[in-house]
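Chemist: The following comprises the amino acid sequence and a computationally predicted model.
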Amino acid sequence: MQARHIDHVNLRIPEDGADDARGFYGERLGFGIEDALYAAGEKPFFDVRLSATGVIHCWPTDEFEPPTATNYDHVAVVVEEPIEEVEAELAEAGVEVEKTLDSPLGATGEAGAVYVRDPFGYRVELKARV
């Protein structure tokens, strides 16, 4: 078997967390939100569109439990902009940067990264393209 890329990641969020997720991922981070089928009751989650080939499913549920091992449990997203530009965009959007690393190792190599938290406690790594 030869994998091409990760298609999606599924994150449980609080049952009443859809608006917070839309606000954070859509408005503050600038990713696309695809929620028509969720709003129509046709599927139990909505998508944060990261790219043409990748999404985060946000699944509102009463079974949500905040993540505890957040240094290890996180989502890493490769971004096109330089890290300095990402930091400026985050500051403008009022998103607190938890930490910045010069060259953490990822699947595509070493590149700068900025770490933020979503409203539910998940760590999101925004990593420069190698």
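Modeler: Looks like it came in fine.

Chemist: and the lowest-mean-pLDDT helix or strand in the chain, how far from the chain's centre?
Modeler: Least confident helix or strand of the chain, by mean pLDDT, DSSP states H and E, is strand 105-106 with a mean of 86. Its chain's average C-alpha position is 17 Å from that of strand 105-106, according to Cα atoms, centre = their mean, to the nearest Å.

Chemist: Pairing partners for it, with directions?
Modeler: Its sheet considered, strand 105-106 pairs with strand 109-110 (antiparallel) by DSSP bridges.

Chemist: from the chain's centre, how far out does the helix or strand following the partner strand sit?
Modeler: Toward the C-terminus, strand 109-110 is succeeded by strand 113-117 as the next helix or strand (DSSP states H and E). How far strand 113-117 lies from its chain's middle: 10 Å, per Cα atoms, centre = their mean.

Chemist: which secondary structure elements does strand 113-117 contact?
Modeler: Here strand 113-117 touches helix 83-93, strand 99-101, strand 123-128, going by 3 or more Cβ pairs under 8 Å, 6 or more residues apart in numbering; DSSP states H and E. Backbone N, C-alpha and C define where each C-beta goes, glycine included.

Chemist: For this structure, give me the ranges with low pLDDT.
Modeler: Within the chain, the stretches with pLDDT under 70 are 70.

Chemist: How much space separates A88 from V97?
Modeler: Distance from A88 to V97, counting by Cβ to Cβ, to the nearest Å: 11 Å.

Chemist: Oh, that last question was meant for A21, not what I typed.
Modeler: Per Cβ to Cβ, A21 is found 20 Å from V97.
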